[in-house]
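Novice: no sequence on this one, just coordinates:
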C-alpha cells in the first residue's frame, strides 16, 4: 500500500470536456489523443509533488501536499495542453477543480465530503478552466505563478453539498479566461438580493416551497392587492428553490411591460440569450430542456401574458413558474395562492404583540430609521392599533413605520386615524385596496408641497430614471441648481420609503418607484391636472436622449447601445404617449405626432442593431400613419429609417418605395445630408432587389454628396456600399480600394461597430477574389469584436461571410453548420436573406467534391440546432 499524506491536503480532479464528441470525431485516433493528454498531465502532476490517486478514462484524481503545488500543476498542465499538437488538429480541453481539506485516509485512498466537494467543483467548470474553492484560493494566493491571478466567481450551490461554496477561477496570461457561467445548481439565477429580511411569512414560504418543489403544480400565481407583499414572498420562495432547479432560477420584473412581444424579449434578456433568440420559436428551443424556475413579477397589465406562460410551460416540461399578479392568469393548471395579510395580534398585550408578524414588521422598519426604537408597555397599544388600521398590509406598515423617525407611535396613530376616517368616506373598493391607497395618501400628505410635486411627476418614468432625467422632468428649479435640488428631493423620498434608489454598473444612482406607488403617483398627477404636461416633458426629454445617443453611436456603438437599452422602457412610454396624443389632437402637426416621428426615427439604429426590427417597424408605421404628407426633414428621416428596416425584413420592393419617398422629401426641403442618407438606403434596396446597375449609380451619387458633407460615419457607409456593388460586378481592385479607404476612415474615428462591418466586407471581398487564406485569417481576428458588439444583423452578415470563406477553404462541415445556424437565426428574427437560395447553390457547387449531398444536408440541419455565436466561438478557438 502507498503511504498517503494525512491532515490537510489539496485535491485536484480533472477530465476532458466533450470527450464523447471528441471520440466520434477522431475515431481510432482518439487513443492517441488520450495518451497525449495523460502524458501532459502526469508530467505536470509529478513536477509539483502530486500523487495520482486514480484515473478512469479521461479523468484524474490527484492529491498535493499544498494548495500552491496544486495550482502550479494546474497552470503548467493547461499551458502544455494549449501548446500540444493534437491529432486531426483537434483541441483537447480539460476542466479542473481544486479544493483543500482534511479527507480521511481509508485503505489506499481518500474518502469524505472534501473529496466529493473537489469533484463537484471540477464538474462545474468548463474545458480549459481551473476552478478553486475559497480555502484553496486563499492558501494559494501568495504563491501564484507569474502571470496568474484569481477571479472571484461568487457563491454557488454544488450538487449534494448542502451549503454554498464560494468559488474562484485561475486566470492565466495567454490562455482563455472568459467562460460561461459555472455549471452549478442555480448558477444562472437572477434573483434580486433583498435589502431586508422577510418577516412573518414562514408558513406561506414553507407551503409554497413544498408545492413548487413537488412538481405536481407547475404554475403558482400569487394574487393580492398592491402592497400585499407578493413580490417579496415570490423572491423568498424562489431563493429556497435554487437547489431544486439545477438550470437556474430567473426573476423577471414585468411591471413596465404591457405586451407579449416585450415580455418575450425581457425573458431573453434575463436568460442572457443571444440577440437572435429573443422570440419564439428559438427562445423556446433554448429553454426546452431546462429544469428552471421562472419568477414572473407583476403580470396583471401584460396583454397576452397568459399565452406567453402557456407556451413557456408547454415548451419546457421540466420548468415551473411562480407568478405575481393582482388577478389570475386563467391558464390551465394554474394554482392560485391569495397572499394573506400579516397576522395581527389577538390582544394589545406586549407578549401578544411581539408574536404578531404585522407588529414585528413595524418594529423592524421603525428601527431602520430610529435604531433606539423599542416595543414597550407604553407604546404597544398604539403600535397594535396602527397595524390593525392598516389591515396587516406590508407596504402600508412599512410606509407608516418610516415616519417613526419624526412621530412617536401615539402621534402617528392620531394622524392615521384622521387620514383613514376622512379617506374612507370618499373611497370605494375592497377594504384592503382602500387601506393601502389611504396609507399612501396619508404618507403623501405628510410631504411638503415641493416633495409632493416631485413625487407625482416621478410616476411618468417606466423602469426608473437617472438623475438627469429626474431633474429635467420632475423638478421645477433652474437647470443650474437641479443636481443638488434633485438629490435632496430624492433623499427625502427615500427616507419616506416612497422611492427606491439603486446603483448602475458605472456607479451612478437610478431612481424608481415600486409599481403600486407609481400607480398612486399617476393617480395624483391626473387628479391635479398635471399628467399630460408631465408626459409631454418626459417624452421631450427622452427625444433629446435618443437624438444624443444617435450621435454617440457614430463614435461609441457599445456605450450608446448599453445606454439605449437601459432606457428602452422610457422610450416605449414616450412613444406610446406621443402616439396617443397625436391621435387625440387629430393633426399631423401636433406635438405628439412630431415626437413620434422624430423619436421612432432617432432610434432606428437601435431597432436595427439591437434586434428590435419588428418592434421598430411597428412604431414607425404608426408614426407615418399620423404624419401626413407635408414635406419636412423629420418626415424624410422617418421614411428612410422605415425603408432601412424593411430591407432587414427582406421587403426590398417596399423599401425602394419608401426610400424613394424619403429622397423626394429630402430634396424638397433642400436637406443635403438627408438626401445622401436616402440615396444610401435606396441603393441598398435596389441591390437587394437585384438591380445592380441602378444601385451602383445611386451609390456613386451618394458618395459624392457624403464627401461634400464630411460626416465620417456616413462617408464610411457610402464607401462600403459602393464597394459592395463593385464586388458584385467583379471589379475587385476598385472594391478593395474603396473598402480600405472606409477602414482607414472608421479606424481614425474609433468606431468599433463600423470597423467590424468594414472588416467583414474586406474578408468577403478577399474570399471571392481568390484569397481565401487571407480572408480566413482576417475573419478569425474579427470574431471577438463581432461577438462583443451583440448586433444580430452584423452577426448574421459575418456568419454569411465566414461560410463563404470556409467553403473556399475546403471545410464543408463547418461551412454547413454555420450556414444552417445563420438560416435558423434569420427565420427566428423574421429577417430573411434574399440571396439565400443562390448562395446555397454556390456553396454546394464549391464543396460537392468534398462531401455527399446527403451529408451536406445533414450537417446543415445540425447547424440549425446550434447558435451562430457558439459556432463562431469554436472557430475563434481553432
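Specialist: Here it is on my side, so go on. Worth saying up front: this structure is predicted, and the values here are computed from it rather than measured. Numbering: from 1, shown residues only.
Novice: how is the chain partitioned into domains?
Specialist: 9-172, 202-338, 350-445, 449-529, 538-734, 772-876 (automatic domain parsing).
Novice: quote the end-to-end distance of the longest one.
Specialist: Chord length of domain 538-734, first to last residue, is 49 Å (Cα to Cα, to the nearest Å).
Novice: same deal with the fourth one?
Specialist: The first residue of domain 449-529 is 16 Å away from its last residue (Cα to Cα).
Novice: how far away from the center of its chain is it?
Specialist: Remark: domain 449-529 is offset 25 Å from the chain centroid, using Cα atoms, centre = their mean, to the nearest Å.
Novice: also the first one?
Specialist: In terms of Cα atoms, centre = their mean, the centre of domain 9-172 is set 31 Å apart from its chain centre.
Novice: a strand runs through residue 15, doesn't it?
Specialist: Yes: the assignment for residue 15 is a strand, going by DSSP: H, G, I helix; E, B strand; the rest coil.
Novice: returning to what we had before: the domains of the chain into TSV, with extra columns for mean neighbour count?
Specialist: The C-beta positions use only the backbone N, C-alpha and C, and glycine is treated the same way. Below are the domains of the chain laid out as TSV (neighbours: other Cβ atoms under 10 Å):
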stretch	mean neighbour count
domain 9-172	19
domain 202-338	19
domain 350-445	19
domain 449-529	18
domain 538-734	20
domain 772-876	19
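Novice: helix, strand, or coil at the most centrally placed residue in the chain?
Specialist: For the chain, the residue nearest the mean C-alpha position is residue 269 (3.2 Å; Cα atoms, centre = their mean). Here residue 269 is recorded as helix under three-state DSSP.
Novice: quick one: the helices in the stretch 601-750 of the chain?
Specialist: 604-609, 613-627, 633-648, 652-668, 672-689, 692-709, 712-728, 732-749 (DSSP state H, counting those that start in this stretch).
Novice: how about the ones you listed, which one is nearest residue 361?
Specialist: Evaluated over the helices of the stretch 601-750 of the chain, closeness to residue 361 peaks at helix 613-627, with 41.1 Å, by Cβ to Cβ.
Novice: give me the mean pLDDT for the closest one.
Specialist: Mean pLDDT, helix 613-627: 92.
Novice: what are the contacting residues of that helix?
Specialist: 261-262, 279, 575, 579, 582-583, 588, 593, 596-597, 600-601, 603-604, 606-608, 635, 638-639, 641-642, 645-646, 648-649, 829-831 (Cβ atoms under 8 Å, 6 or more residues apart in numbering).
Novice: swap in 7 Å and give it another go.
Specialist: For helix 613-627, the surrounding residues in contact (Cβ atoms under 7 Å, 6 or more residues apart in numbering) are 261, 575, 579, 582-583, 588, 593, 596-597, 600, 603-604, 607, 635, 638, 641-642, 645, 648-649, 829-831.
Novice: what's the spacing between stretch 825-845 and its chain's center?
Specialist: 28 Å.
Novice: start and end of that stretch, how far apart?
Specialist: End-to-end distance (Cα to Cα), stretch 825-845: 24 Å.
Novice: now swap in stretch 234-252 and tell me
Specialist: End residues of stretch 234-252 are separated by 11 Å (Cα to Cα).
Novice: SS state for the closest residue in space to residue 374 that isn't next to it in sequence?
Specialist: Spatially, and ignoring its direct neighbours in sequence, residue 374 is nearest to residue 363 (7.9 Å; Cβ to Cβ, 6 or more residues apart in numbering). Residue 363 falls in the helix class when you classify it by three-state DSSP.
Novice: is residue 363 in contact with residue 375, as I believe?
Specialist: Yes: at 5.4 Å, residue 363 counts as touching residue 375 under the criterion of Cβ atoms under 7 Å.
Novice: hang on, the earlier thing: any idea how far residue 317 is from the residue nearest to the centre of the chain?
Specialist: To residue 317, residue 269 is 24 Å away according to Cβ to Cβ, to the nearest Å.
Novice: which residue ranges form the strands in the stretch 451-600 of the chain?
Specialist: With DSSP state E, counting those that start in this stretch as the criterion, the stretch 451-600 of the chain has strands at 465-466, 500-503, 509-512.
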